[in-house]
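Asks: From the sequence below, what's the structure:
(one chain, ligands or ions: 2)
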Amino acid sequence: MAEGVGTGVGLVRHGRLLGHALASSMDEHARYGGVVPEIAARAHVHAVRPVIQRALDKAGLRLTDVGAVAVTTGPGLSGALQVGLAAAKGLAYALGVPLHGVHHLAGHVAADTLEHGPLPDPCMVLIVSGGHTSLLLVRDLARDPVLHLIDTLDDAAGECFDKVARVFGLPCPGGPAIDRTAREGDPHAVPFPRPLPGSYDFSFSGLKTAAARWAEGHAGRELPVADGAASLQEAVADVLTRKAVDACRKHRVGTLVVVGGVAANSRVRSLAEERCRAAGIHLRVPPMKLCTDNGAMIANVGDLLVRAGAEPAPLDVSIDPSAPLEYATLHPRVAAG
Ligand code: ATP
Ligand code: FE
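Replies: Ligands and ions are numbered 1, 2, ... in the order given. Predicted coordinates:
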């Protein structure tokens, strides 16, 4: 199960996705111009049972076929996480099966293995989502610590897309709207900055400000939104893919995996492909529907943990809304040996 703006449920057996379902409360948030945590939590209460049933129906399974339950414990919105955890605890207890707490970002990383199989050791992972923009050096996702290499110093790339979309008058969620609008625009029309070119850190708040200033500069005139969107998207894709490929070269890693909501962006995907091919790096990106939050990716980590012999969570396990992106939380208790 995954919790955020969407209530997602997936069923995974031995690394294979059997069925998944997703309900989104995004339309309910749109008129407020952003996500309202209380609305997200209430939407989960209504969605959780029907979404579980839809996922089971798609997989052709019954509740009693479920052998373990995995649920996001963090990071995320606390109300939404609480609803998911309460539902998962009830389910695990009633079925008499183990419960596993999953780090949301481990879910994003594992989303790729549903399509492309186990991750090679080592691989470089670019997590690029609404709340994170980080580079990780990953070995065995279910056992070993990950090496956390780079972070954003301020906004995440998805946040930058969402905030600039609002300034451009585009609908929510902003990332997909920028992607769609950019198709009609010239990516070289506006010379937006490429933040921190020589550094290994990411930064997107300056880019966001530059886009807002560019929009303000058109006061009283029609804003060429498509050119702005295409140029912003080009700047974000350029910075992300350049730094990710540089990190692969520096650490002599032959595979780059790009995950998270922004991995659904068409230009991020095409530029990553272009640059990885030129650098002789193997690129893996999950299918678009598994890039943004979903239950399949959380179920997949649960399946990985079960197969790695992980110790289940106690029934009094609690949420951790600000769970840091560090190896200890990306790898919940795994039995020794
Ligand atoms: P996190 O995973 O960091 O906790 P989150 O779960 O809110 O954050 P995701 O669901 O992984 O984020 O991704 C949502 C983000 O991805 C949003 O910022 C959204 O605008 C962005 N996004 C989704 N599709 C696209 C796209 N096609 N182009 C650009 N951005 C996109
Ligand atoms: Fe996410």
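
Asks: need the contact list for the residue nearest in space to the middle of the chain.
Replies: In the chain, the residue lying closest to the centroid (C-alpha atoms, centre = their mean) is Gly260, at 2.7 Å. Gly260 is in contact with His108, Leu126, Ile127, Val128, Ser129, Gly130, His132, Gly158, Cys291, counting by C-beta atoms under 8 Å, 6 or more residues apart in numbering. For every residue, glycine as well, the C-beta is placed using N, CA and C.

Asks: Would you check how far apart it and Pro191 are?
Replies: Taking C-beta to C-beta, to the nearest Å as the criterion, Gly260 is separated from Pro191 by 27 Å.

Asks: Equivalent analysis for Arg277, please.
Replies: 26 Å.

Asks: repeat for Thr72
Replies: Applying C-beta to C-beta, the value for Thr72 to Pro191 is 40 Å.

Asks: out of those two, which sits in the more crowded spot?
Replies: Ranked by neighbour count (other C-beta atoms under 10 Å), Thr72 and Pro191 place Thr72 first, with 31 against 10.

Asks: pretty sure that one is touching Val102, no?
Replies: Yes. The criterion here is C-beta atoms under 8 Å, and Thr72 meets it with Val102 at 5.5 Å.

Asks: Quick check: neighbours shared by those two?
Replies: Common contacts of Thr72 and Val102, defined by C-beta under 8 Å, 6+ apart, comprise Ile298.

Asks: Show me which residues of the strand or helix carrying Leu232 are buried.
Replies: Using DSSP states H and E, Leu232 sits in helix 225-250. Buried positions in helix 225-250, judged by neighbour count with 16 or more other C-beta atoms under 10 Å: 225-241, 243-245, 247-248.

Asks: how about it against ligand 1, any contact?
Replies: No. Helix 225-250 does not reach ligand 1 (C-beta under 6 Å from any ligand atom); its nearest approach is 7.3 Å.

Asks: immediately after that helix, which helix or strand?
Replies: strand 255-259.

Asks: Tell me the secondary structure of the residue of the stretch 151-300 of the chain found nearest ligand 2, please.
Replies: As assessed by C-beta to the ion, ligand 2 sits closest to Asp293 within the stretch 151-300 of the chain, at 4.4 Å. With DSSP: H, G, I helix; E, B strand; the rest coil as the basis, Asp293 sits in coil.

Asks: hang on, it packs against Gly10?
Replies: No. Asp293 is beyond contact range of Gly10, at 11.2 Å (criterion: C-beta under 8 Å).

Asks: residue ranges of the helices in this structure, please?
Replies: With DSSP state H as the definition, the chain shows helices at residue ranges 26-30, 37-59, 78-95, 104-116, 157-167, 174-182, 205-216, 225-250, 266-279, 295-307, 327-330.

Asks: Select, out of those, the one closest to His148.
Replies: Closest to His148 of the helices of the chain is helix 327-330 (C-beta to C-beta; 7.4 Å).

Asks: now that closest one: mean pLDDT?
Replies: Taken as a whole, helix 327-330 has a mean pLDDT of 45.

Asks: and if you look at stretch 81-93?
Replies: The average pLDDT within stretch 81-93 is 96.

Asks: Just the buried positions in that stretch, please.
Replies: Here stretch 81-93 shows Leu81, Gln82, Val83, Gly84, Leu85, Ala87, Ala88, Lys89, Leu91, Ala92 as buried, counting by 16+ other C-beta under 10 Å.

Asks: again, but for stretch 56-66
Replies: Within stretch 56-66, judged by 16+ other C-beta under 10 Å, the buried ones are Leu56, Lys58, Ala59, Val66.

Asks: how about the residues you listed, which pair is most distant?
Replies: Lys58 and Val66 (14.0 Å).

Asks: sorry, back to before: quick one, which of Asp293 and Gly10 is more surrounded?
Replies: The neighbour count for Asp293 versus Gly10, taken as other C-beta under 10 Å, is higher for Gly10 (29 against 26).

Asks: beta partners of the more buried one?
Replies: His20 (DSSP bridges).

Asks: separation between it and ligand 2?
Replies: Gly10 sits 14 Å away from ligand 2, taking C-beta to the ion, to the nearest Å as the criterion.

Asks: what do you get for His44?
Replies: For His44, the distance to ligand 2 - C-beta to the ion - is 15 Å.

Asks: Can you get me a residue count around that residue?
Replies: Neighbour tally, His44, other C-beta under 10 Å: 27.

Asks: residues in contact with it?
Replies: Per C-beta under 8 Å, 6+ apart, neighbours of His44: Glu3, Thr7, Ser25, Ala80, Val83, Gly84.

Asks: sorry, back to before: closest to Leu119 among the buried residues of stretch 56-66?
Replies: Ala59 (24.1 Å).

Asks: I'd like to know how many residues surround the nearest residue to that closest one once chain neighbours are set aside.
Replies: Nearest non-adjacent residue to Ala59, counting by C-beta to C-beta, 6 or more residues apart in numbering: Gly19, 3.0 Å away. Using other C-beta under 10 Å, Gly19 has 19 other residues around it.

Asks: correct me, but Gly19 touches Gln53?
Replies: No. Counting by C-beta under 8 Å, Gly19 does not reach Gln53; the two are 11.0 Å apart.

Asks: Counting neighbours, what do you get for the residue in the stretch 1-150 of the chain positioned nearest to ligand 2?
Replies: Distances between the stretch 1-150 of the chain and ligand 2 by C-beta to the ion are smallest at Ser129, namely 4.7 Å. Ser129 has 24 neighbouring residues, counting by other C-beta under 10 Å.
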